[in-house]
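# Sequence first, then the predicted structure:
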Amino acid sequence: MRNDHGLRVVRLGLIGAGRIGTMHAGNIARHVPGAELTAVADTRPEAAQRLASRYDADPRDVDGVLKDPEIDGVVITSIAAVHEELIVRAAEAGKPVWCEKPASLTLEEMDRAIAATERAGVAFQVGFNRRFARDFAAARETIEAGGIGTPQLMRSITRDPGRPEGMGTSAAGIKPWTIFRETLIHDFDTLLWLNPGAQPVDVYTKADALVAPQYKENGLLDTAVVVITFDNGAIATAEANFSALYGYDVRGEVFGSKGMVVTGRHASSPMVHYDVSGLQQATVRSDEEMFRDAYIQELAEFADVVRGNAVPPVTGADARNALRVALAAMASYQENRPVKVEELG
């Protein structure tokens, strides 16, 4: 079946009906050309039912999604702890896989996921959305074209507007390594991608609990700066904080021997209000607002991958490289020393 634009309709099953899954479900159903949200699964049947009903999709369990021959591809938006298991099961069912970052939490899990998709011969794409934002993509094109010469100094920033859901007020709800494996992993991927052909050599981390110091004894870190040295000489910093009161703050910068590129925006409107207090401008308040077009584009490209018209633009190997840096950052914090990335394997 083809849609009005001549595209073969791709039927997608979504696994994970939380915040990010809800956003992706809406994009698949309403904004991704030639895609259809066919089914939604979640470990909470009521959550799957609620989300599926919004878009006339079928609520299922995971097996119901994976074993349906009418479903062309699987979109995994569950909690990160089960990503590897779901990737493997989807691959064994012969389904092309799109998975939110981080695709796995350890290198061993990541290697099992990659091996399963390769063994099954199915496509595997990972959700690093910044690559699909127009300003980040333009920066990459400029760097590849030699527009800044050799990268020398790099910077990537993620400041979330308040602590993410799940950080909680109880020790049971705290995920100690969230800042590295689920937040800064975006920055690590961005820095690797904006320094094409270069490899990270070592990583040094300083981190603390400055937003919520009462949770530090439970392992929650909410503020971090990571320094990465590359084999082409570039020195990069990645920083994160969970409490940007002025809005969602994501930026990137690459300074080189011939110039510089800068990415990221804060304003949600170009209108500036001038009054006695000074200048005021509305700012973006969420990832969904800042990266709306990027979220749509990454799934549009996955739909094209499922059709067989493209290769995954962000691969399991890309996800593994970013995870390696995240794990090195964690080790550096624990051991208070620079960590060679090659030590991680």
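Now that the structure is in, tell me what you want to look at.

# avg pLDDT for the helix ranked longest in the chain?
In the chain, with assignment by DSSP state H, the single longest helix is helix 316-335. Across helix 316-335, pLDDT averages out at 98.

# show me where this structure has helices.
So, for the chain - with DSSP H - the helices run 19-30, 45-54, 62-66, 83-92, 107-120, 134-144, 178, 184-193, 287-290, 292-307, 316-335.

# can you state the direction angle for the first one and helix 45-54?
Helix 19-30 and helix 45-54 are oriented at 30 degrees to each other (axes from the mean of the first three to the mean of the last three Cα atoms, to 10 degrees).

# From the contact counts, what lies against helix 19-30?
strand 10-15, strand 35-41, helix 45-54, helix 292-307 (3 or more Cβ pairs under 8 Å, 6 or more residues apart in numbering; DSSP states H and E). Backbone N, C-alpha and C define where each C-beta goes, glycine included.

# Now do that helix: distance to the chain's middle.
15 Å (Cα atoms, centre = their mean, to the nearest Å).

# which residues are in contact with that helix?
Residues from elsewhere that reach helix 19-30 (Cβ atoms under 8 Å, 6 or more residues apart in numbering): 12, 14-15, 17, 35-37, 40, 42, 51, 54-55, 57, 75, 77-78, 100, 165, 288, 295-296, 299.

# Next, give phi and psi for the residue of the chain positioned farthest from its centre.
Residue farthest from the centre of the chain, counting by Cα atoms, centre = their mean, is residue 276 at 40.7 Å. Main-chain dihedrals, residue 276, degrees, to the nearest 10: phi -60, psi -20.

# For the protein, which residues score under the pLDDT cut-off?
Under the criterion pLDDT under 70, the flagged ranges of the chain are 1-6, 163-175.

# Would you map out the domains in it?
10-122, 131-289+322-344 (automatic domain parsing).

# how about a markdown table for these, with distance to residue 307 added?
Putting those into a markdown table (distance: least, Cβ to Cβ, whole Å) gives the following:
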| stretch | distance to residue 307 |
| --- | --- |
| domain 10-122 | 6 |
| domain 131-289+322-344 | 18 |
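
# Looking at those domains, spot the one closest to residue 306.
domain 10-122 (4.3 Å; Cβ to Cβ).

# quick one, which of the helices of the chain is packed in tightest?
helix 184-193 (a mean of 26; mean count of other Cβ atoms under 10 Å).

# which residues are contacting it?
101-102, 128-131, 136, 140, 154, 156-158, 198, 200, 224, 226, 228, 236, 238-240, 250, 252, 314, 318-319, 321-323, 325-326, 329.

# again, 6 Å this time
The contact list for helix 184-193, computed with Cβ atoms under 6 Å, 6 or more residues apart in numbering, reads 101-102, 128, 130, 154, 156, 158, 236, 238, 240, 252, 321-322, 325-326.

# so which of these comes closest to residue 309?
Of those, the one sitting nearest to residue 309 (Cβ to Cβ) turns out to be residue 128, at 20.8 Å.

# How about the contacts made by the closest residue to residue 13 other than its chain neighbours?
Among residues not flanking residue 13 along the chain, residue 65 sits closest, at 3.8 Å (Cβ to Cβ, 6 or more residues apart in numbering). Counting by Cβ under 6 Å, 6+ apart, residue 65 touches 13, 39, 41.

# Quick check: the gap between residue 65 and residue 49.
As defined by Cβ to Cβ, to the nearest Å, residue 65 lies at a distance of 14 Å from residue 49.

# Determine which two of the contacts of helix 184-193 are furthest apart.
102 and 154 (20.9 Å).

# would you put the C-alpha positions of the longest helix of the chain in CSV?
The C-alpha trace of helix 316-335 is given here as CSV (Å, rounded to 0.1, in the frame of the first residue of the first chain):
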residue,chain,number,x,y,z
GLY,A,316,24.8,0.5,16.6
ALA,A,317,28.5,1.2,16.2
ASP,A,318,27.8,4.9,16.6
ALA,A,319,25.9,4.1,19.8
ARG,A,320,28.7,1.9,21.1
ASN,A,321,31.2,4.7,20.5
ALA,A,322,29.2,7.2,22.5
LEU,A,323,28.6,4.6,25.3
ARG,A,324,32.3,4.0,25.5
VAL,A,325,32.9,7.6,26.3
ALA,A,326,30.1,7.6,28.8
LEU,A,327,31.5,4.6,30.6
ALA,A,328,35.0,6.2,30.6
ALA,A,329,33.4,9.3,32.1
MET,A,330,31.9,7.2,34.9
ALA,A,331,35.1,5.4,35.6
SER,A,332,37.0,8.7,35.7
TYR,A,333,34.6,10.1,38.3
GLN,A,334,34.9,7.0,40.4
GLU,A,335,38.7,6.8,40.2
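
# Much appreciated, bye for now.
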